[in-house]
Structures are given as structure tokens and as C-alpha cells.
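1. The sequence and its predicted three-dimensional model are supplied below.
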Amino acid sequence: MTVNGKQYHIGMSKQDVLEDNGIGENSYSANTWYYIIRKKFLAGKEVLFVEFEEEVAVRFYIRYVYRNIKKSL
């Protein structure tokens, strides 16, 4: 998956994702990380979610979020 010119793939370690995007608002020990890709005035935020199992990315998905991101997880 390519998002904003950055390549993401299953099997990436947390360290690989950190090198590309930084920690942001994520906790290193959390199993789900998120990055805001784009903010739109009426359409909310376009967010990339990364799910990890044992420090390895197993799922990437993009969702539109209209509320606080922490509450929608």
C-alpha cells in the first residue's frame, strides 16, 4: 500500500514504521497506531490505521473519522 508517497507492507516492524512517520500521538506499546493522512473541513479526517501483533504489522487500513480518533478505536 502506498500512502502519500510512502510504502507500507505487512511484515514491517514498529521500528520501520517509526522511521517513516515518527511516533506521532501513538504509544510504542500500543497494538494499533494511527496517522492522520488528510483533514477535510466537512468530511472529517482520513486516517491510516496500522495494527501490530508481536511488534510486526499485520493490517493496514484507511478510514474516515468524524470524531475524536481515540474514541473511535
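-> Sure thing, it's come through. This one's a predicted model, so the numbers in the text were calculated from it and none came from an experiment. Residues are numbered from 1 along each chain as shown.
2. from here on, contacts and neighbour counts on C-alpha atoms
-> Noted.
3. Longest helix in the chain, by number of residues?
-> What stands out as the longest helix in the chain, according to DSSP state H, is helix 14-21.
4. List of residues touching it?
-> 6, 28, 52, 55-57 (C-alpha atoms under 8 Å, 6 or more residues apart in numbering).
5. Filter those residues down to just the ones in strands.
-> 6, 52, 56-57 (DSSP state E).
6. Report the buried residues of stretch 18-26.
-> Ile23 (16 or more other C-alpha atoms under 10 Å).
7. what about dumping the CA coordinates of the longest helix of the chain to PDB?
-> Presented in PDB, the C-alpha positions along helix 14-21 are these (Å, rounded to 0.1, in the frame of the first residue of the first chain):
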ATOM      1  CA  LYS A  14       7.300  -1.000  14.600                       C
ATOM      2  CA  GLN A  15      10.800   0.500  14.100                       C
ATOM      3  CA  ASP A  16      10.300   0.600  10.300                       C
ATOM      4  CA  VAL A  17       7.000   2.500  10.700                       C
ATOM      5  CA  LEU A  18       8.700   4.900  13.200                       C
ATOM      6  CA  GLU A  19      11.500   5.700  10.700                       C
ATOM      7  CA  ASP A  20       8.900   6.600   8.100                       C
ATOM      8  CA  ASN A  21       6.400   8.500  10.200                       C
END
